[in-house]
Structure formats: structure tokens, C-alpha cells
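Asks: this is a predicted model, with the sequence first.
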Amino acid sequence: MRMHLRGVGLPDETRTELWIVDGRISTERVTGADTVFDGGWILPGLVDAHCHVGLGDHGEIPLDDAITQAEIERDVGALLLRDCGSPTDTRSLDDRDDLPRIIRAGKHLARPKRYAAGFSRELEDEWQLPEAVAGEAQRGDGWIKLVGDWIDRTVGDLAPLWSDDVLKAAIETAHAHGARVTAHVFSEDALPGLINAGIDCIEHGTGLTDENIALMVEHGTVLVPTLVNIVENFPGIADAAAAKYPAYAAHMRDLHARGLGRIAAAREAGVPIYAGSDAGTMVAPGRIADEVDALKRIGMSATDALGAACWDARRWLGRPALDDGASADLLCYSDDPRSGRATLHRPDLVILRGRVFRPAA
């Protein structure tokens with residue numbers, strides 16, 4: 001089927017006409033095309049830059065459940081997913097033409113009892129990390145996920161997992177294998193070692209200090225803050241741990257109280273920020289629109305917040321937008337998708353690989 005679409009393109013807000021032939025975008029007129037959308041807004045498929053297709057409450061899940069997660073993301077318009085660590089091997093989903101494109105980071109890399117049980121590949125000796133990074137580089141799609149900090153039960157609070165020398169060796173190994181590295185980091189202490197070692201991205205970042213923000217600017221480090229997770233779940237994490245680990249609970253409450261302000265400071269300083277929902281366990285799939293709305297709370301304009309989950313995120317990940325010849329992965333809205341969560345969450349048309357999907361009623 002040959003399709004024709006007409007509307008306002010974002011972010012430049014210019015009148016746009018596109019044609020779709022054999023699953024690809026054409027900016028040149030195509031004869032015999034059926035007009036499937038005329039009027040409204042057209043934008044590239046949304047990006048969830050931190051999600052976990054294939055992760056459940058206890059780690060690995062059946063592949064059918066991972067498919068359901070991916071279908072939920074597709075129906076809200078998240079057509080490009082950076083899967084930020086998953087114990088389930090979802091590579092076979094690449095053969096499905098009805099599911100979002102997934103950029104994988106392999107398995108989380110952690111130390112024993114220093115991350116959620118069943119989620120990660122656990123290394124007995126921290127100097128196994130460079131070799132593990134090389135292995136996960138083969139499993140992923142150009143990304144590797146480290147656990148930068150987690151509760152250390154011997155001290156009763158958040159603490160780094162890796163020494164600075166190990167991090168430097170591991171990140172250099174990743175880069176030599178053509179992979180970028182990101183890390184889960186809640187608190188303050190793990191950040192300098194990761195940033196100075198050349199890490200490409202930080203996830204969460206609630207413990208950012210002015211000094212660490214300056215380091216990120218100096219090194220060009222990106223931040224994916226997962227604001228929905230921070231706002232909704234940090235208090236409950238603290239409450240659950242308060243009786244056994246009071247210092248950790250107090251620290252999590254403090255990070256919750258200061259987190260949005262610290263991430264806003266990073267944005268003001270020039271740290272690039274992209275939208276990631278952290279969908280997979282504590283956050284349900286399909287919430288990228290909530291994350292875009294949350295980015296406005298750190299000072300982003302409606303256009304910049306949407307860009308952080310769309311055209312800007314695609315550029316950062318090296319994936320095309322509405323380019324001639326690109327895969328036809330795009331969304332159509334009758335109302336301006338920058339107007340708020342309710343509109344963004346319900347595209348009028350979802351087109352993936354040139355195939356039309358309409359969100360479930």
C-alpha cells in the first residue's frame with residue numbers, strides 16, 4: 001500500500017507532506033497513494049531511552065510477556081526503545097515487523113548482592129568487569145549497562161560498586177568494542193569515578209552535586225533521569241527499608257527531595273537530557289508521555305521536552321527521524337502533541353515500518 005500524509009512537522013512547525021512506499025518514507029510525490037492523514041501534527045516515533053523489555057519483578061520473564069511489554073510501548077507511540085539492561089534474551093524480537101525497534105544494553109553488570117536479585121550478571125571479582133563488558137558488547141546493540149551504586153548492607157547505605165581503576169579499564173574496553181556505557185546511579189559518591197573514567201551516560205542522577213555537574217559538562221556526559229520513577233517510587237523504597245537500613249532510607253528520602261532540583265541544575269548547566277521512563281518493574285510499560293510531562297518540571301519547554309523523547313533522542317542514538325528513505329516509523333495527532341500527556345499518550349495513527357496501527361480503544 002502506498003500512503004500519503006499531510007500535516008505540520010515537528011519541531012520546525014512547517015507544512016509537511018510525506019509518502020510511504022514499501023515501508024519507507026519518501027519526500028517526493030508518489031502517484032497512486034492513499035491519503036491516510038490530512039491535517040494535524042506529524043512527528044517521528046517516540047523514543048523511550050530507558051526501558052526494560054524483558055524484565056519482570058524477579059528478573060527474566062517468558063518471551064511472550066516481553067512481547068506484550070513491547071506492544072504496549074508501540075501502541076502509545078514509543079517506536080524506538082533503548083533497553084537499558086534485561087536478563088531476557090529478546091534479540092529474536094528483531095524479526096517481528098510489528099514491534100518497536102530495540103537498542104539493547106545486554107545484561108546489567110553488578111557485584112554479588114549489590115543489585116536486585118535476578119536482574120544482573122554478578123561478578124565475584126571486580127576485575128572481571130572489563131572482560132564482562134567485552135562479552136555484553138556482543139550481546140547488546142552498542143550499549144552496556146553498569147550498576148554504579150546500590151545499597152551496601154555492610155554499611156547500611158548506598159555505595160559505589162567499582163573502584164576507579166576498574167571503571168577506567170572497563171569503559172576503555174567498551175569503547176574499543178564500539179559500545180557506549182551507561183550506569184545506574186542514585187547517590188553522590190559513585191559519580192566522579194564513572195564520569196572521570198569516560199562513561200557516556202548516567203541513569204537517574206539524583207545525587208548530582210555542582211562539582212559532578214561540572215564534570216559531566218566537561219566530559220560531555222549525557223543524563224537520562226527517569227523522573228517518573230524518582231517521583232513516584234523513591235518514598236516507597238525508603239519506607240520499605242527504614243526498619244532495617246535507616247541510613248539508606250533517610251538517604252533515599254533526601255535524594256527524592258533534592259532530585260528534581262539537582263537535575264534541573266544539570267539542565268541549566270548544559271548537560272544533555274533525554275526521556276526514559278524506566279518501564280519494566282516499578283514503572284509499567286507505556287508511560288513515555290508521563291516522562292515527557294515530568295521533564296517540564298525541570299524547566300524544559302514543551303517543545304524541548306517532546307524533543308528529548310523524539311527527534312533529539314533519535315539524533316543522540318544515531319537513528320533517523322522523518323528523513324527521505326528512512327523506515328516509516330511515525331505518529332500522527334489531530335491535536336498538538338505538546339499540549340500535554342493526554343494528547344501525547346493517544347496518537348491518532350501509529351505507523352511502524354510503514355504499517356498502520358491504531359491504539360486500542
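Replies: Arrived safely.

Asks: show me the domain layout of this protein.
Replies: Structural domains assigned to the chain are 2-43+321-357, 46-317, following the TED database.

Asks: which of these is buried the deepest?
Replies: domain 46-317 (a mean of 20; mean count of other C-beta atoms under 10 Å). Glycine gets a C-beta too; all of them are placed from N, C-alpha and C.

Asks: longest helix anywhere in this structure?
Replies: helix 246-269 (DSSP state H).

Asks: and it, what's its mean pLDDT?
Replies: The pLDDT scores in helix 246-269 average 98.

Asks: give me the helices and strands touching it, please.
Replies: Secondary-structure packing of helix 246-269 (3 or more C-beta pairs under 8 Å, 6 or more residues apart in numbering; DSSP states H and E): strand 157-160, helix 210-219, helix 227-241.

Asks: export it as PDB, just CAs?
Replies: Below are the C-alpha coordinates for helix 246-269, written out as PDB (Å, rounded to 0.1, in the frame of the first residue of the first chain):
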ATOM      1  CA  PRO A 246      17.600   3.600  58.400                       C
ATOM      2  CA  ALA A 247      20.600   5.500  57.000                       C
ATOM      3  CA  TYR A 248      19.700   4.200  53.500                       C
ATOM      4  CA  ALA A 249      16.100   5.100  53.900                       C
ATOM      5  CA  ALA A 250      17.000   8.600  55.000                       C
ATOM      6  CA  HIS A 251      19.400   9.000  52.100                       C
ATOM      7  CA  MET A 252      16.700   7.900  49.600                       C
ATOM      8  CA  ARG A 253      14.200  10.400  51.100                       C
ATOM      9  CA  ASP A 254      16.800  13.200  50.800                       C
ATOM     10  CA  LEU A 255      17.600  12.200  47.200                       C
ATOM     11  CA  HIS A 256      13.800  12.300  46.400                       C
ATOM     12  CA  ALA A 257      13.500  15.800  48.000                       C
ATOM     13  CA  ARG A 258      16.500  17.200  46.100                       C
ATOM     14  CA  GLY A 259      16.400  15.100  42.900                       C
ATOM     15  CA  LEU A 260      14.300  17.400  40.600                       C
ATOM     16  CA  GLY A 261      16.300  20.400  41.700                       C
ATOM     17  CA  ARG A 262      19.600  18.700  41.000                       C
ATOM     18  CA  ILE A 263      18.500  17.500  37.600                       C
ATOM     19  CA  ALA A 264      17.200  21.000  36.800                       C
ATOM     20  CA  ALA A 265      20.600  22.400  37.700                       C
ATOM     21  CA  ALA A 266      22.300  19.900  35.300                       C
ATOM     22  CA  ARG A 267      20.000  21.000  32.500                       C
ATOM     23  CA  GLU A 268      20.800  24.700  33.200                       C
ATOM     24  CA  ALA A 269      24.500  23.900  33.100                       C
END
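
Asks: contacts for that helix?
Replies: With contact meaning C-beta atoms under 8 Å, 6 or more residues apart in numbering, helix 246-269 is reached by 151, 155-158, 186-187, 205-210, 213-214, 216-217, 223, 225, 227, 230-231, 234-235, 237-239, 241-242, 273, 297-300.

Asks: partner strands of the lengthiest strand in the chain, parallel or antiparallel?
Replies: Across the chain, the longest stretch assigned as strand under DSSP state E is strand 34-44. Sheet pairing for strand 34-44, assigned by DSSP bridges, gives strand 3-9 (parallel), strand 330-333 (antiparallel).

Asks: elements contacting whichever helix or strand comes after it?
Replies: Next in sequence after strand 34-44, counting helices and strands by DSSP states H and E, comes strand 46-51. On a contact count with 3+ C-beta pairs under 8 Å, 6+ apart, strand 46-51 meets strand 78-83, helix 288-295, helix 311-317.

Asks: what's the angle from the first one to strand 34-44?
Replies: When you say that, I think you mean strand 78-83. If you take axes from the mean of the first three to the mean of the last three C-alpha atoms, to 10 degrees, strand 78-83 sits at 40 degrees to strand 34-44.

Asks: and for the longest one?
Replies: Helix 288-295 runs at 40 degrees relative to strand 34-44, counting by the same axes, to 10 degrees.

Asks: how far away from the center of its chain is helix 288-295?
Replies: Offset of helix 288-295 from its chain centre (C-alpha atoms, centre = their mean, to the nearest Å): 12 Å.

Asks: now do that helix against strand 46-51, angle only.
Replies: Going by the same axes, to 10 degrees, helix 288-295 makes 80 degrees with strand 46-51.

Asks: export helix 288-295 to PDB, keeping only CA atoms.
Replies: The C-alpha coordinates for helix 288-295 follow below in PDB (Å, rounded to 0.1, in the frame of the first residue of the first chain):
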ATOM      1  CA  ILE A 288       6.700   7.800  28.000                       C
ATOM      2  CA  ALA A 289       4.100  10.600  27.800                       C
ATOM      3  CA  ASP A 290       4.300  10.900  31.600                       C
ATOM      4  CA  GLU A 291       8.000  11.200  31.400                       C
ATOM      5  CA  VAL A 292       7.800  14.000  28.800                       C
ATOM      6  CA  ASP A 293       5.400  15.900  31.100                       C
ATOM      7  CA  ALA A 294       7.700  15.400  34.000                       C
ATOM      8  CA  LEU A 295      10.600  16.900  32.100                       C
END
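
Asks: after it, which helix or strand is next?
Replies: helix 302-307.

Asks: what's that following helix packed up against?
Replies: Contacts defined by 3+ C-beta pairs under 8 Å, 6+ apart place helix 302-307 against helix 288-295.
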